[in-house]
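Chemist: Compute the structure for the input listed below.
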Amino acid sequence: MTVKAVQLQPFLAHGGRRRLTVASTVNVKRRAATFATLSTPPRDAVDWVQATNSFFETDSRPIMLFDGVCNLWNGGVRFVRDNDRNRRIRYEALQSEAGRDLLRRSGRAPDDISSVVLVEKERSYIKSEAVLKIMEYIDLPFPQLAFFMQFVPLFVRDFVYDNVANNRYNIFGRSESCEVYYD
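Modeler: All right, here's what the predicted structure looks like:
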């Protein structure tokens, strides 16, 4: 590879013009570096979508994953349950074994309790998208509110969501146990 060295002279006293001079040509050797390699997944890797398909075999309703010890989300689940007269959503605590498996299905760490997650058979939603999707499933006027809220940019919705989520224990408190919600 050939590179030309370029020098830039400082401002000249008269007129403030710069003087550009080109020095001699220098030959530079290129060195190849490996930044990433592809490897095959370990043989014991689990396909979490396949492993959790049984959750949707007999019941296709989406599953709302929530922080079971957070008073805010326990109240949120009660609110959704009270406004879901047709029982279109199921509930599962993030801390349960099924919740951890569904988190893995959603591409999240099994111990990540930082966000509400809505898991449908074909797709998962997190943070503000999960909240809007949950609103679409419950009774009026919430689907209409979700429709209008989708026009707020995602980064703004998630910024607000993250601020509430990061302070939820300080603001709303924490319970010692998770309430059990039956469909």
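Chemist: Output stretch 45-57 as CSV, restricted to C-alpha atoms.
Modeler: Taking Å, rounded to 0.1, in the frame of the first residue of the first chain, the C-alpha atoms of stretch 45-57 are listed here in CSV:
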residue,chain,number,x,y,z
ALA,A,45,-27.3,-25.5,23.3
VAL,A,46,-31.1,-25.3,23.9
ASP,A,47,-33.5,-23.9,21.3
TRP,A,48,-35.7,-22.0,23.8
VAL,A,49,-38.5,-21.4,21.3
GLN,A,50,-38.8,-25.1,20.7
ALA,A,51,-38.4,-25.9,24.4
THR,A,52,-41.2,-23.5,25.4
ASN,A,53,-43.7,-24.2,22.6
SER,A,54,-45.6,-26.4,25.0
PHE,A,55,-46.8,-23.1,26.7
PHE,A,56,-48.8,-22.4,23.5
GLU,A,57,-49.9,-25.8,22.4
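Chemist: which other residues reach that stretch?
Modeler: 63, 98, 101-102, 104-105, 119, 121 (CB atoms under 8 Å, 6 or more residues apart in numbering). Bear in mind the C-beta positions are built from the backbone N, C-alpha and C, glycine included.
Chemist: Quick one: buried ones out of those?
Modeler: If you count burial by 16 or more other CB atoms under 10 Å, the buried members of the contacts of stretch 45-57 come out as 63, 101-102, 104-105, 119.
Chemist: Widest-spaced pair of those residues?
Modeler: 63 and 104 (13.4 Å; CB to CB).
Chemist: Now render the buried ones among the contacts of stretch 45-57 as TSV, adding distance to residue 86 and pLDDT.
Modeler: Formatted as TSV, the buried ones among the contacts of stretch 45-57 follow (distance: CB to CB, whole Å; pLDDT from 0 to 100):
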residue	distance to residue 86	pLDDT
63	16	96
101	26	95
102	22	96
104	29	95
105	25	94
119	19	96
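Chemist: Select from the residues you listed every entry located in strands.
Modeler: 63, 119 (DSSP state E).
Chemist: now the strands: where do they sit in the chain?
Modeler: Using DSSP E, strands in the chain cover 2-8, 20-27, 63-66, 90-93, 117-119, 124-126.
Chemist: what pLDDT, on average, does the first one get?
Modeler: It refers to strand 2-8. Per-residue pLDDT over strand 2-8 has a mean of 46.
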